[in-house]
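Visitor: Need a 3D model of the sequence below.
(chains A and B)
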Amino acid sequence: MARIPSFFSNLCLRQNPKSLRAITPQIRNRNLSLDQFNGNSEELAQQPQKPDEIFAQNRIFPLNETSRLSEELMQNPQKPDEKFAQNQISTVSEIAKEVSKFILSRPRWEQTLLSDFPTVNFADPAVYKAVLKQQESNVLLSLRFYLWLRSLSGVSFDPDLCNLMFSRLVEAKAAYAAKSFLHDTKFEPEPRYLELYVRCLCENGLIDEAVGVFERLKMIGYCASLETWNLALSHCVRTSRVDVVWRLYGEMTECGVVTDVGTIGHLIQAFCLENNVAKGYELLQQVLEAGHVPDNIVFNKLISALCKNGNFGTVSAVLHNMIAKNCPPDIYTYQEIIYRLCKGRMSNEGLRIFDELKNRGYFPDRVMYTTMIHGLCRNKDLGNARKLWFEMIQNGIIPNEYTYNAFIDGLWRSGHFDEAEKLHKEMVDRGYGETTVSYNTMINGLCLNEKVEEAQALFEEMNEKDVVRDSITYNSLIKGFCCQGKITEALHFFIELRKQGFLPSTATLTTLIKKLCEAGQVKEAETLWLDMQNNGLEPAFHSLDPIISELSKQERFAEALEWLGCMINNGVRPKKTTLERLVERLSLADRSDDALFVLGYTLKMGIVLKQSSCHSLVDKLCRNNSHHTNTLLGEILERR
DNA sequence: CTAGGGTTAG
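Guide: Residues are numbered from 1 along each chain as shown, chains lettered A, B, ... in the order given. Presented below is the predicted three-dimensional model:
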């Protein structure tokens, strides 16, 4: 992939002379707010308990039984310590080696260690530190030994020991254990270990905690290394904590840290995350001009953001940049571009890039084929999708769940139901059939093709096969029944959906309300609408049209006008047909005043009703040409 | 070890 596809070859680079420093003040001036962050973290690998529990010694290690000798020991006539007594081995490191060996071989050494080594003075800092140093590869053992020491009386804990234990925890990336160790001991770790702690916190997703430690370091006048700052920034970017990016960047420049291209790469990504793509692009230009080349992922994130905004021209420019800087676009780059092109109804452009890649000797992988097939299906280009499907298989790539579902969905949507059924069978045979998505794809496809009963059968099958139904399952089915005019069934599944705690999609609701009204069940429609309103569903107002329409038909004008007011007050324009029906029915029912009132609003909104709708009104008005009517008409005309 | 990708409603 040395060159770029023809589609992107028409733009040149924009030059920007500004230096990197130019952005610093803007970044400093940001208002920052730290949200609660709910990151997960890996704790001590071998120890699923929370650190607090680890420190609740007695629950894990039966230290209160220390004085009791184990049965094992009773049967063991020679104690390990006798060696020291007999041979006069007494250098601290030799003792530590022996103790460590013992600890490693006895799962419950805590109980007998003191009596096994009666001549060893564990309260001697030189001794316990030497033992701890022996266990550097095993954090859990270190921690156990440390806790055991704490259970002894007469052991004084010096900062060296705490630092040693703390560094052990931090190097093992046991963020939670390190945190509660700090909390527990209240000691001041050496700055270099605090710096390691920052890294450890970041790697465990505890960004906010890390910010706090940066503060602490700042207060003691210690400046973390560039690598640590960059690591923190990279984790902020990964977890979309843009606010923290700006805050940390501000602090690191305040500390006088000299940033590198990695730092700027994170800033570019941060700009992309807050959809400030222009700034991101500008910054990229500045780094490039300064002679630095960011990591591929920075280019890709920028390209992805540009694509999302439909700015394919700049995408082209960035691709030029990448090639010029000997940093060729990779599979992710092209996949993102193709995906976005298809999403913007430019699947033909996407396909051109796809073909171009193949012409350059590149073999697309399964994900790439899936993306392309999906994109083509969404653009109703089933011919090309099918072509790629077989080409992919020919190239030895076996479709998986994603590929099958994307293609089967496309087949259903274009009415190729035989082929859809056939491929679905194949997918089931390959073991991809029993997921929520595969069932949803089939249920939706069947509903789109007027096969609601079969869809319902699959719906039941999900229960038998223990496949979880989600809101998509229900929404698809409800819509299917609505389209078949089967309102009773649709309502049944709607109630089921609500019982499961799901919310209907707006499309489902609109359809359901419309169908209920058409069947004359306005009351149910109104209840439904209020239900969705109470549940915080947004756009509801458009679905009031059929309700107003049906109420007019039933000559329930007070209610119709009330709903109409509700719609208008919320800034939603009723449909022209709704207003026409209302005016017609009002006139027929001899309610000229109300008809005129509605007409007034209609004109105010710039909606012109069809002539026939005004006929009956004009007719009535002419028959009783009162002064009142004239006034009303006058008002209406003035409002216009 | 060196991040990151694809499927279902509307």
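Visitor: Can you give the distance of stretch A:582-598 from its chain's centre?
Guide: Its chain's C-alpha centre lies 52 Å from the corresponding centre of stretch A:582-598 when counted by CA atoms, centre = their mean, to the nearest Å.
Visitor: Buried residues, that stretch. List them.
Guide: The neighbour-count check on stretch A:582-598 (16 or more other CB atoms under 10 Å) flags A:582-587, A:591-592, A:594-598 as buried. (C-beta placed from N, C-alpha, C; glycine too.)
Visitor: And those, which is closest to DNA strand B?
Guide: Using CB to the nearest atom of the strand, residue A:582 comes nearest to DNA strand B of the buried residues of stretch A:582-598, at 25.8 Å.
Visitor: What residues does the closest one make contact with?
Guide: By CB atoms under 8 Å, 6 or more residues apart in numbering, the residues touching residue A:582 are A:548-549, A:552, A:557, A:560, A:564, A:598.
Visitor: of the residues you listed, closest to DNA strand B?
Guide: Closest approach between the contacts of residue A:582 and DNA strand B, by CB to the nearest atom of the strand: residue A:549, at 20.0 Å.
Visitor: And the pLDDT at that closest one?
Guide: You'll see residue A:549 listed with a pLDDT of 95.
Visitor: Can you give me the neighbour number for residue A:534?
Guide: Residues lying near residue A:534 (other CB atoms under 10 Å) number 8.
Visitor: so residue A:205, which of the three states?
Guide: Assigned with DSSP: H, G, I helix; E, B strand; the rest coil, residue A:205 falls in the coil class.
Visitor: Equivalent analysis for residue A:131, please.
Guide: Residue A:131 ends up helix, using three-state DSSP.
Visitor: can you tell me which helix or strand the nearest residue to it once chain neighbours are set aside belongs to?
Guide: Of all residues not flanking residue A:131 in the chain, residue A:96 sits nearest, at 4.6 Å (CB to CB, 6 or more residues apart in numbering). For residue A:96, the element it lies in under DSSP states H and E is helix A:92-105.
Visitor: Past that helix, which element shows up next along the chain?
Guide: Past helix A:92-105, the next helix or strand by DSSP H and E is helix A:113-116.
Visitor: buried ones in that following helix?
Guide: Under 16+ other CB under 10 Å, the buried positions of helix A:113-116 are A:113, A:116.
Visitor: Now do the residue of the stretch 51-200 of chain A found nearest DNA strand B against residue A:288, distance only.
Guide: Across the stretch 51-200 of chain A, the shortest distance to DNA strand B (CB to the nearest atom of the strand) belongs to residue A:173, at 13.4 Å. Plainly put, residue A:173 is 35 Å away from residue A:288 if you go by CB to CB, to the nearest Å.
Visitor: quick revisit: how about the contacts made by the residue nearest to residue A:131?
Guide: Residue A:96 neighbours (CB under 8 Å, 6+ apart): A:127, A:130-131, A:133-134.
Visitor: which residues touch whichever strand or helix holds residue A:387?
Guide: Under the criterion of DSSP H and E, residue A:387 resides in helix A:382-394. Helix A:382-394 is touched from outside by A:351, A:364, A:366, A:369, A:372-373, A:376-377, A:399, A:403, A:407, A:410-411, A:414, A:416, with contacts defined as CB under 8 Å, 6+ apart.
Visitor: shaky segments in chain A?
Guide: For chain A, the stretches flagged by pLDDT under 70 are A:1-90, A:538-539, A:624-640.
Visitor: re the thing from before, of the contacts of residue A:582, which belong to helices?
Guide: Mapping these onto helices (DSSP state H) picks out A:548-549, A:552, A:557, A:560, A:564, A:598.
Visitor: Reformat those residues as CSV; add distance to residue A:570.
Guide: Listed next are those as CSV, based on distance: CB to CB, whole Å:
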residue, distance to residue A:570
A:548, 13
A:549, 18
A:552, 20
A:557, 20
A:560, 16
A:564, 11
A:598, 17
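Visitor: can you list those residues in JSON lines and add distance to DNA strand B?
Guide: Shown next, in JSON lines, are the ones in helices among the contacts of residue A:582 (distance: CB to the nearest atom of the strand, whole Å):
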{"residue": "A:548", "distance to DNA strand B": "21"}
{"residue": "A:549", "distance to DNA strand B": "20"}
{"residue": "A:552", "distance to DNA strand B": "26"}
{"residue": "A:557", "distance to DNA strand B": "31"}
{"residue": "A:560", "distance to DNA strand B": "26"}
{"residue": "A:564", "distance to DNA strand B": "24"}
{"residue": "A:598", "distance to DNA strand B": "29"}
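Visitor: what's the burial count for residue A:469?
Guide: Other residues close to residue A:469 by other CB under 10 Å number 19.
Visitor: Oh, that last question was meant for residue A:248, not what I typed.
Guide: 23.
Visitor: ok, it touching residue A:235?
Guide: No: using CB atoms under 8 Å, residue A:248 is not in contact with residue A:235; the gap is 10.1 Å.
Visitor: sorry, back to before: give me the distance from the helix holding residue A:96 to the chain's centre.
Guide: Centroid separation for helix A:92-105 versus its chain: 49 Å, with CA atoms, centre = their mean.
Visitor: residues of it that come out buried?
Guide: For helix A:92-105, by 16+ other CB under 10 Å, it's A:95-96, A:98-100, A:102-103.
Visitor: Get me the contact residues on the stretch 251-400 of chain A for DNA strand B.
Guide: Residues of the stretch 251-400 of chain A lying close to DNA strand B by CB under 7 Å from any atom of the strand are A:265, A:295-298, A:300, A:330-333, A:335, A:339, A:365-368, A:370-371, A:374, A:378, A:400.
Visitor: in the stretch 401-550 of chain A, which spans are helices?
Guide: Ranges of helices in the stretch 401-550 of chain A, per DSSP state H, counting those that start in this stretch, are A:401-413, A:417-429, A:436-448, A:452-464, A:471-483, A:487-499, A:506-518, A:522-534, A:544-553.
Visitor: Determine the set of other helices and strands touching the first one.
Guide: In this case it means helix A:401-413. helix A:366-378, helix A:382-394, helix A:417-429, helix A:436-448 (3 or more CB pairs under 8 Å, 6 or more residues apart in numbering; DSSP states H and E).
Visitor: what packs against the first one?
Guide: Right, helix A:366-378. helix A:331-343, helix A:347-359, helix A:382-394, helix A:401-413.
Visitor: Restrict the helix holding residue A:96 to CA atoms and write it as CSV.
Guide: C-alpha atoms of helix A:92-105 as CSV (Å, rounded to 0.1, in the frame of the first residue of the first chain):
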residue,chain,number,x,y,z
VAL,A,92,21.6,-12.6,57.2
SER,A,93,21.4,-13.5,53.5
GLU,A,94,21.8,-17.2,54.2
ILE,A,95,19.1,-17.0,56.9
ALA,A,96,16.8,-15.2,54.4
LYS,A,97,17.4,-17.8,51.8
GLU,A,98,16.5,-20.6,54.2
VAL,A,99,13.4,-18.8,55.4
SER,A,100,12.2,-18.1,51.9
LYS,A,101,12.7,-21.7,50.9
PHE,A,102,10.6,-22.7,53.8
ILE,A,103,7.9,-20.3,53.1
LEU,A,104,7.7,-21.4,49.5
SER,A,105,7.3,-25.1,50.4
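Visitor: Could you list the residues of the stretch 401-550 of chain A in contact with DNA strand B?
Guide: Within reach of DNA strand B by CB under 7 Å from any atom of the strand, the stretch 401-550 of chain A has these residues: A:401-403, A:405-406, A:409, A:435-438, A:440-441, A:444, A:470-472, A:475-476, A:479, A:505-508.
Visitor: Among those, name the buried ones.
Guide: Neighbour counting by 16+ other CB under 10 Å classes A:401-403, A:405-406, A:409, A:437-438, A:440-441, A:444, A:471-472, A:475-476, A:479, A:505-506, A:508 among these as buried.
Visitor: follow-up on the earlier one: can I get the contacts of residue A:96 in a markdown table including distance to residue A:228 and neighbour count?
Guide: A markdown table is the format used below for the contacts of residue A:96 (distance: CB to CB, whole Å; neighbours: other CB atoms under 10 Å):
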| residue | distance to residue A:228 | neighbour count |
| --- | --- | --- |
| A:127 | 34 | 17 |
| A:130 | 30 | 19 |
| A:131 | 31 | 26 |
| A:133 | 25 | 14 |
| A:134 | 29 | 21 |
